[in-house]
Structures are given as C-alpha cells and as structure tokens.
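>>> Whatever this is, show me its structure:
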Amino acid sequence: MKCRLFALTTPLAALALALAAGTAAAQTKWDLPAAYPASNFHTENIIQFAKDVDTATGGKLKITVHTNASLFKAPEIKRAVQGGQAQIGEILLVNFENENPIFGVDGIPFLASSFADSKKLYATQKPVLDKVLGAQGMKLLYAVAWPPQGLYVKKELTSVADMRGVKWRAYSPATAKMAELIGAQPVTIQAAEVSQAFATGVVDSMMSSGATGFDTKIYESVKYWYDTQAWLPKNAVIVNLKAFNALDAATQAALTKAAADAETRGWASSAEKNEWYKVELTKKGMKILQPPPKLAADLKQVGTIMLADWEKKAGADGQALISAYRKK
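As a prediction, this is how the structure comes out:
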C-alpha cells in the first residue's frame, strides 16, 4: 500500500518541483547598493521603489536594497553597476565630476540653490547624463535632490577667513576644491563615516544638508549650522544596461514607471523634510543661523570661481548647458 501511494504521489511531487523550478527561473533578483542608512529619506524612497517594482511585476523582479554602504562603499557603487557586480545602485552624482564634468554641475555653489532652480538644472542636465551613462553601459532610472547644503562648524563665523585651517570634510571634487579656496584642510570622508570622523576630531566642519546632519547625529559634536543654501546635489539610481535589456518589455515598463514615481515622491519628500530637519536639529541643541553678510558674500565669490573653473573643464558643451539652464 505504501509503495502504491508513493507511486501515485511521485508524479505530483515532480509536477510541483517543475512548477517551482519554472517560477525560480522566471524570477529575476537584483542587488541595489545604497550608501545611506535605512532611516534616510533617499533610502526610504528606494525601499518603496523596490516594493513597487515587486508589486507591479507580480514578484517577477525582486530588488534587494543594501543600505548604509554595506555592500559597496559610496565611491565604488557606480563601478559595481557598470561592471555588473550589482545590477542597480544609488550614486551621488557629484562624486564623479573628475570622471566627467557633467556629473558635478549640481555641486557648483549657488548655481542652483533652491528646489525650483535645482529641478530646472536637472531638466537641462538629464539628456547629457543619459548620453554619458549610456556610453558607459548604464541607464539613469531617476534622480532626487538633497535638501540645500549648509555649513556645519564648531564656532560662530563672520567671514570665510574664520575657516582657514579648519579640518573640512570633503565628499566630492567640488567640496575638496571649496576647501582649497577657503583655506581649509580637506579630508575625504564618506557619509557612513561622518559621525565617527566628527566624534574623533578627524574633521570639524563640512558643507552638507540638514538630512546628513540629522542622520549622523552631528549635533553631538557640532553646535552651529549656517543655512547657506549653497547647492542641492542629487542622488541617482542607475541600472546596468545589459541587466535592463535582459528584462521583458512588461517588466521594463513596470521598472520605469516605479522609477518615475520614486523621482516625484523623492523630490517632494526632500522639500518637505528640509524644514523638518532644521526643527529636529534645533531640538537637539544646534543653532541654525543665517550667514552674516561678509560670510555670504565670500561664499558666493567662491561659487563664481568654481563655476568658471567648471565651465573651463566642461568646454563648449558645459557652457551650452549653463546657458540653456539660465534661459529656463
């Protein structure tokens, strides 16, 4: 009897295994490295994006988000996606200005210092970004701006002269150049290392958003934040072109739609949380200050120098981009 039952159930078991194998074969799994903690608004947006893709594709495309630089460090993510070590990833565009000036245009101080201007700059920059990334075997899915950048310091300032000699966190070519122009000492520190760097005195100043200050608990080491609204750098989610092209048309459409939704949601969240971060930092004991006139004028002069430097590096194409942006 037992043998007869085994004989009857074996075809059923084989069928179940075949179906399971078919499902496994049909399902595509991607890794998405991100450089920021799970509580960061960019990361929350990415996690929602991955859920939306899962839902829209009926589980056909599964994206696993690896937060806080746990899979690759921030500067490594672009290369990982380009080389296929990760199929998709989040990068800070300004990190790659030395590779191509187009990546750094939204890191030029005071070129676009509001959400409205940042969106106009993105609209001008995006077609060029698409072309550059496409030539590198990648595709831009979406980009979201950080809140405006402000100046974190351990003392009150009246002018840029007060910054000379301070240890300045640099996270991009532009922030390193800025340190040079104001006479500070640049130290390369990625987002995941900021808290420890300030706590141990490796750095004592930086230009960054309220979001980064809150995420890294910088208020434990620094008490002043000047709301300079210097620029709004963007994070971009990019995908390996071969991986994208390997998807069927319906899955590609679902991925693209989820990305468009994430872009809209992310920009809205950035603008909404900008004020929230200021309130929370104040609650933690930080003084949120407007830059004094001399400091503001000095920083804008730095921005003018950096824009001229960027246009020189970017050549005619860069000058055309700036001209087109200013006409919008």
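>>> list the contacts for residue 137?
Contacts for residue 137 (Cβ atoms under 8 Å, 6 or more residues apart in numbering) come out as 82, 240, 241, 242. Placement of C-beta: from N, CA and C, glycine included.
>>> PyMOL command to pick out the buried ones of the residues you listed?
With 16 or more other Cβ atoms under 10 Å as the burial test, the buried ones among those are selected in PyMOL as follows:
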select buried, resi 82+240+241
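>>> Which of the contacts of residue 137 fall in helices?
82, 241, 242 (DSSP state H).
>>> close enough to count as contact, the second one and residue 141?
No - Residue 241 is beyond contact range of residue 141, at 11.4 Å (criterion: Cβ atoms under 8 Å).
>>> Buried by neighbour count: which residues of stretch 97-112 qualify?
97, 100-112.
>>> show me where this structure has strands.
Ranges of strands in the chain, per DSSP state E, are 28-33, 61-66, 88-92, 138-145, 150-153, 167-170, 185-188, 205-208, 224-226, 234-240, 287-289.
>>> Pick the most deeply packed of those.
Mean neighbours per residue, mean count of other Cβ atoms under 10 Å, is largest over the strands of the chain for strand 88-92, with a mean of 28.
>>> Output that one in CSV with nothing but the alpha carbons.
What follows is strand 88-92, C-alpha atoms only, in CSV (Å, rounded to 0.1, in the frame of the first residue of the first chain):
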residue,chain,number,x,y,z
ILE,A,88,21.3,48.5,-10.0
GLY,A,89,22.6,51.1,-7.5
GLU,A,90,22.4,54.6,-6.0
ILE,A,91,25.1,57.1,-6.5
LEU,A,92,25.8,60.7,-5.5
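>>> what's next to it, contact-wise?
So strand 88-92 is in contact with 30-36, 42, 46, 63, 72, 74, 77-78, 80-81, 141, 171-172, 233-240, 243, going by Cβ under 8 Å, 6+ apart.
>>> Mind doing that once more with 7 Å?
30, 32-35, 42, 46, 63, 74, 77-78, 80-81, 233, 235-239 (Cβ atoms under 7 Å, 6 or more residues apart in numbering).
>>> can you check stretch 56-72 too?
Here stretch 56-72 makes contact (Cβ under 7 Å, 6+ apart) with 26-38, 43, 46-47, 50, 53-54, 80, 86, 88, 190, 192, 247, 251, 254-255, 257-258.
>>> and if you look at stretch 217-224?
152-156, 194-195, 198-199, 213, 281, 284-287, 289.
>>> let's go with 8 Å and repeat that
So stretch 217-224 is contacted by 152-157, 194-195, 198-199, 204-205, 212-213, 281, 284-287, 289 (Cβ under 8 Å, 6+ apart).
>>> now, among the ones in helices among the contacts of residue 137, which is nearest to residue 225?
residue 82 (35.5 Å; Cβ to Cβ).
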